[in-house]
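In: Below: sequence and its predicted model.
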Amino acid sequence: MTKVFIYPTNSLILSDLIERFGHTPLAMMEGVHDKITTIGIDSPPLNITPEDPKYGLKYAAVEVPAGVRGRMSIVGPLIDKAEAAIIVDDAAISFGCMGCARTNELTKFLTRDKDIPVLELVYPYSDAEGKDFVYKIGEFLNSLPKEEQS
Amino acid sequence: MTIHEDGTLTKLVVISSDSVLPIDAALEIYESETNITIKETCFGTMVTGPEDTVNKVVKEVVEMDKNHIFVKERGFPPGDDRRCRAGRGGGPRPGFHFLRNEIGMLPIIGKALDDYDNNVPLEKVIRPEKLKVSHLKDIIKSEITR
Amino acid sequence: MSEKDQRVKVALVSCGSEFAGVQPQLDSAAEQVNAQLIYPEMDISSLDTIEMEFGLQVASADLKLMMARAKAVVEGTAHVDGVFVTSCFRCAEAAIVRNEVRRYIHQNSEIPVISYSFTERTTAATLLTRMEALTTIARRRHLLAREKQSGITVGLDSGSTTTKAAVMRDNKLIGEGWVPTVNVIESARKAYDIALEQSGIKEEDVQAIGTTGYGRFLLGEHFNAQLVQEEITVNSKGAVYLADTQKGPATVIDIGGMDNKAISVEDGIPGMFTMGGICAGASGRFLDMTAKRLGVEITELGKLAVKGMHDKVEMNSYCIVFGIQSLVNSLAQGSAAQDVAAAACHSVVEQIFEQQLQEVEVKEPLILVGGSSLIEGVPKALGDLLKIDVVVPPHSQLIGAIGAALLASGYVEE
């Protein structure tokens, strides 16, 4: 199984397809979950404390807004763990965890900058595009090692 | 895998099927296990319980129409005060809007998965390219002279 | 206090406060003024069209969400009593949307709105004044409608530098006290005693007390005040009262000892406002230091400044340390004292223009209040810069105390 980072980081479709093809998605949900279940921190709703944007300094300088660094404190470690990545672009619908364009630019950059296989696509809006989308993802995922990587 | 503090896990099951209704899926879950809670929402069914049980049950549900039922994990357990709109008041949280858009695409994805399983060959998708300037010039000319 | 029990709903219109570590601070500030922050209910389909409706296309989808939520608030899809528009400090894209959203709500509804840009270091205390002003406007419109002072009331304004007291009777100021702030309660006691003595009123005859300024909570408790109110609301009301422009638009600028406020007022009710300032270099403190360096009394600085030419001296007090540096340098180079004084006034005003007035529409009359308004060079420099006449009402230095006394008289009948 390969750990595949997904972008959009909270995508239902990508998360599902990666599991479907026998790999492990690295998604925002995991990061958020780790945050909200950290015992002893009470900083609702996401338990992001003023400390988190400081962890985000690992990925962006202090001149970058706090919201970007706060998001990066969750996304960054996922990219660090990634063994492969799928990037699907459609800024128009990227709300919530994906709602900040500056964070998204940085996320995509850090992913591409890493020496791992990356598949880049756009969201499908027709049956033909959908087929192209799923086939490409299928082939990409099938090309990744299914065995546990050390 | 994201296990909650109490050892439970939450998965979101979204049905985009012609043959399986969300209520069928809910019944399937209720009938199969007792230590699982499910919550139906406007965009899917949230299943919470012990990790193994959730995975087993979700797998069973997906098998009902495997290419048209989609699953993702959820960071928050259902009804968590920090996220629940009942607690925070007002409208939906931001992530909902993204999910809504993705759910709109599920029929396309489901159909493509069926084709993939059936080895239907992929036709080349032609996405329109940007118009060449020279061609645009020709169009302008012909429009003006008309 | 009965109004406090009334919980108000404040729409949180933001693209990422919960990711920036600031959300608990926002919640805490809201909780302290008995407000609930909510994501406004909205028509989901409006997300597809909102950019073109606003005429503002953005790269970040959550900014579309901000616009759509603002629309829901204006059109009444979401029922809220106030709106808090906020985004990350140093994000240009969000700043454009934040300003337009604020303007849009302000122009298209009666709902009070404030905007703020945060960092991960923003504290609940910083947010509290803003949240308090927002909820006051939502809750106490009737109080803000008061145009005349009645009975015998006292206003105490505990500022960062000076503490002011005003005793009023039947719409007249009959006693005033103005002392440097040392200990919040002791200084207020002193100012209060001076004002009482001047007025000839006995303390037990005072019918209501209002407190404002940084020390308002402490004073409110100590003096059993009927009204404890932040300075945005109090100063807006005080300014239009003193300048006799209670109806229609006005802009209030308050240059304080530590920070500044620019408030856009309509019928005496604050609308948009900005507070703060990067550094004391933009405040009365810099003028105080200039006076000391020039060896003149602060009360003389203004007269000196009016005689000088600011452009003969290069001075930028964006930072108070740099400001003092240019002060020392210019004097070392032999600049005339009056030019230096004029440059200092100009620099303070320039900072207000750059840091505060960028976000607030300047509608006439422009009322300048606070201790610095008495330094003649300051209103002159402000008028020169903005090309409009600046109104400095009588007793402008007592703005907070008079505003508090005026608003407190709303409790006299009770």
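Out: Great, that's in hand.
In: what mean pLDDT does the helix or strand B:Thr10 falls within have?
Out: Using DSSP states H and E, B:Thr10 falls within strand B:8-15. Across strand B:8-15, pLDDT averages out at 90.
In: quick one: that strand to chain centroid distance?
Out: Mean-position distance between strand B:8-15 and its chain equals 11 Å (Cα atoms, centre = their mean, to the nearest Å).
In: can you check stretch C:42-50 too?
Out: Relative to its parent chain, stretch C:42-50 has a centroid offset of 35 Å by Cα atoms, centre = their mean.
In: How about stretch C:27-45?
Out: The answer for stretch C:27-45 is 23 Å, by Cα atoms, centre = their mean.
In: Over to stretch A:125-139?
Out: With Cα atoms, centre = their mean, you get 20 Å for stretch A:125-139.
In: For that stretch, give me every contacting residue.
Out: Outside stretch A:125-139, the residues within contact range by Cβ atoms under 8 Å, 6 or more residues apart in numbering or on different chains are A:14, A:17, A:21, A:86, A:119, A:121-124, B:105, B:108-109, B:111-113, B:115-116, B:120, B:122-123, B:125, B:127. Any C-beta I mention is one placed from the backbone N, CA and C, and that applies to glycine too.
In: mind running it again at 6 Å?
Out: A:17, A:121, A:124, B:108-109, B:111-113, B:115-116, B:122, B:125 (Cβ atoms under 6 Å, 6 or more residues apart in numbering or on different chains).
In: Tell me how far A:Ile116 lies from chain B.
Out: Distance check for A:Ile116 against chain B: by Cβ to the nearest Cβ, to the nearest Å, it reads 21 Å.
In: Enumerate every residue touching residue 28.
Out: All of this refers to chain A. Going by Cβ under 6 Å, 6+ apart, A:Met28 touches A:9-10, A:97.
In: sorry, should have said chain C
Out: Taking Cβ under 6 Å, 6+ apart, one finds C:Ala124 in contact with C:Ser28.
In: Would it be right to say that it lies in a strand?
Out: No: the assignment for C:Ser28, made by DSSP: H, G, I helix; E, B strand; the rest coil, is helix rather than a strand.
In: any low-confidence regions in chain C?
Out: Along chain C, the model assigns pLDDT under 70 to residues C:1-5, C:277-278, C:413-414.
In: For it, which residue gets nearest to chain A?
Out: C:Asp62 (2.8 Å; Cβ to the nearest Cβ).
In: Hmm, that residue is touching C:Ser17, no?
Out: No: counting by Cβ atoms under 6 Å, C:Asp62 stays clear of C:Ser17, with 10.4 Å between them.
In: wait, doesn't C:Glu18 sit right on A:Asn47?
Out: No: judged on Cβ under 6 Å, C:Glu18 makes no contact with A:Asn47 at a distance of 9.7 Å.
In: who has more neighbours, those two?
Out: C:Glu18 (26 against 20; other Cβ atoms under 10 Å in any protein chain shown).
In: Quick one: distance of the helix or strand containing A:Glu139 to the chain centre.
Out: Taking DSSP H and E as the definition, A:Glu139 sits inside helix A:127-143. Chain-centre distance of helix A:127-143: 19 Å, with Cα atoms, centre = their mean.
In: And the residue of chain C closest to chain A, its phi and psi?
Out: phi -70, psi -20 (degrees, to the nearest 10).
In: Chain neighbours aside, what residue packs nearest to it?
Out: A:Gly99 (2.8 Å; Cβ to Cβ, 6 or more residues apart in numbering or on different chains).
In: and the one you found, how many neighbours does it have?
Out: 26.
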